[in-house]
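In: Fold the following.
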Amino acid sequence: MSAPLDTSLLQRLPVPGPWLSTQLRLAAVVCPIVQYAGEDHLLFVARPEGQRQHAGQLGFPGGMRHGDEDPVACALRECHEEIGAPPSAITVLGMLPPRESSSGILVHCIVGRLAPLQLAPDAREVVRVLRVPLRELRDDARWHERTPPKAATGYQPRTSPHFEFTSEAGGELLWGLTARFVRDLAARLV
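Out: So this is what the prediction gives:
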């Protein structure tokens, strides 16, 4: 656990609250902070190519609201379903401002510290799990505002923040809603 980072986020991020009132469908994701190789990383999942929405894209574990669950319960349930991280393994540090996705869903982003554990990704929703050092994601020079990739689905804004990096699988591209959440988090750490 990175005590200085976690303390800073607890002070700078709002405490997660209820869903914002909207006519849009509701979803929540966890922005998992993990300690790896002696430094803080953000954890992302890569979606399968065959999915109807967000095929092949990188994102945070998360999904649609079920019943009357609040944003934290939704995000933690989805994180458990997608990567096998039980809610008890995540310390909630706050939330980022909700954002509308390209498919017309209002997404709440819960920031949390994920304890070290063996992950068990659900192959139906996750083809691989990636970690990116937070120090790299905070480097403004690594980010570029570009038009969305041609394969993008849903209504896309004219431009989106893009972050390119290399993983064990090769070249990777973080963009769209998840990239906006990462930029929101980085702005809180300045």
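
In: In which helix or strand does Glu49 reside?
Out: For Glu49, there is no helix or strand it lies in under DSSP states H and E.

In: So it is in contact with Gly56, correct?
Out: Yes: the pair Glu49 and Gly56 qualifies as a contact (Cβ atoms under 8 Å) at a distance of 4.7 Å. (Each C-beta comes from the backbone N, C-alpha and C, glycine too.)

In: quick one, what contacts the closest residue to Asp184 other than its chain neighbours?
Out: Distance criterion Cβ to Cβ, 6 or more residues apart in numbering; nearest residue to Asp184, sequence neighbours excluded, is Leu96 at 4.6 Å. Leu96 sits next to Leu13, Cys31, Cys109, Val111, Phe181, Asp184, Leu185, Arg188 when contact means Cβ atoms under 8 Å, 6 or more residues apart in numbering.

In: Angles on the backbone of the most centrally placed residue in the chain, please.
Out: Central residue of the chain (Cα atoms, centre = their mean): Phe60, 2.9 Å from the mean position. Main-chain dihedrals, Phe60, degrees, to the nearest 10: phi -90, psi 150.

In: Okay, the residue nearest to Asp184 and Thr147: tell me how far apart.
Out: 24 Å (Cβ to Cβ, to the nearest Å).

In: quick one on the thing from earlier: the residue nearest to Asp184 bridge partners, please.
Out: Judged by DSSP bridges, the bridge partners of Leu96 are Cys109.
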